[in-house]
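[1] What would the 3D arrangement of this be:
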Amino acid sequence: MATRGFTGRRPPEATRERLPPGQYLTEDFPVLQLGPTPRIDLATWRFTLRDGAKPLKSWSWEAFEALPRTTWQGDIHCVTKWSKFDTAWEGVTVDDILADAGVAAPTEFALAEGYDDYTTNVPVADLRGGRAMVATRYAGAPIPPDHGGPARLLVPHLYFWKSAKWVNGLRFTKKDEAGFWELRGYHMYGDPWREQRFTGD
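    Numbering: from 1, shown residues only. As a prediction, this is how the structure comes out:
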């Protein structure tokens, strides 16, 4: 795991109610990842919905960028205990992705998949209803590669490892399948307000 710019400070009293248990506020945006940052060519970039191994629909970058856009501003919380307030993202909600594909979610569970072979599980209920997007812009600019660009999943109400970097698809699964970190002891759900960092929390 690579780390850069990991700094924090004790938050003012007025902000403490926005911090989940065990978190501290940072003004920085730490970079945490498994290995080297993949370099992704937008000319060959694809985002694919799958029902198990069966493709449902795939988008090129140009087609994906033409989908309805949504903005979201709010707080994000990393399992390594930092939180960042008032982050601003833009992208395509999972609801709009499904609508463009002309399908309903075929199961109750999904795995987000990335160009670095990373996976993480998220219940479909946490992806629908405007709760998640595939983001392509951060703070008004394209997401930098170190922060998951050109596209990353954004599920801000869960710990940030659920917001998979360099995302290239969602695969619907019949059961709640563990992803990369979940197989290594991280919590299957990851609610920061319940401090669900690890299995058994």
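[2] Remind me what whichever strand in the chain runs longest packs against, helices and strands.
    When the chain is parsed with DSSP state E, its longest strand is strand 82-93. If contacts are counted by 3 or more Cβ pairs under 8 Å, 6 or more residues apart in numbering; DSSP states H and E, strand 82-93 sits against strand 24-25, strand 70-77, strand 133-138. In short, each C-beta sits where N, CA and C put it, glycine included.
[3] ok, Arg184 - how many residues close by?
    10 (other Cβ atoms under 10 Å).
[4] show me what contacts the residue most central in space within the chain?
    Central residue of the chain (Cα atoms, centre = their mean): Ser163, 1.5 Å from the mean position. Residues in contact with Ser163 (Cβ atoms under 8 Å, 6 or more residues apart in numbering) are 76, 148, 152-156.
[5] What separation do you get for it and Asp41?
    Separation of Ser163 from Asp41 (Cβ to Cβ, to the nearest Å): 23 Å.
[6] Also Gly190?
    31 Å.
[7] so where is the chain shaky, pLDDT-wise?
    1-11, 14 (pLDDT under 70).
[8] Name every strand pairing with the longest strand of the chain and say which way it goes.
    strand 24-25 (parallel), strand 70-77 (antiparallel), strand 133-138 (antiparallel) (DSSP bridges).
[9] Just the buried positions in that strand, please.
    Neighbour counts using 16 or more other Cβ atoms under 10 Å place 82-85, 87, 89-93 of strand 82-93 among the buried residues.
[10] What ranges does this structure have for its helices?
    Along the chain, the stretches classed as helices by DSSP state H are 61-65, 94-101.
[11] Let's have those in JSON lines, adding mean neighbour count and distance to Thr48.
    Converted to JSON lines, these look like this (neighbours: other Cβ atoms under 10 Å; distance: least, Cβ to Cβ, whole Å):
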{"stretch": "helix 61-65", "mean neighbour count": "16", "distance to Thr48": "11"}
{"stretch": "helix 94-101", "mean neighbour count": "18", "distance to Thr48": "10"}
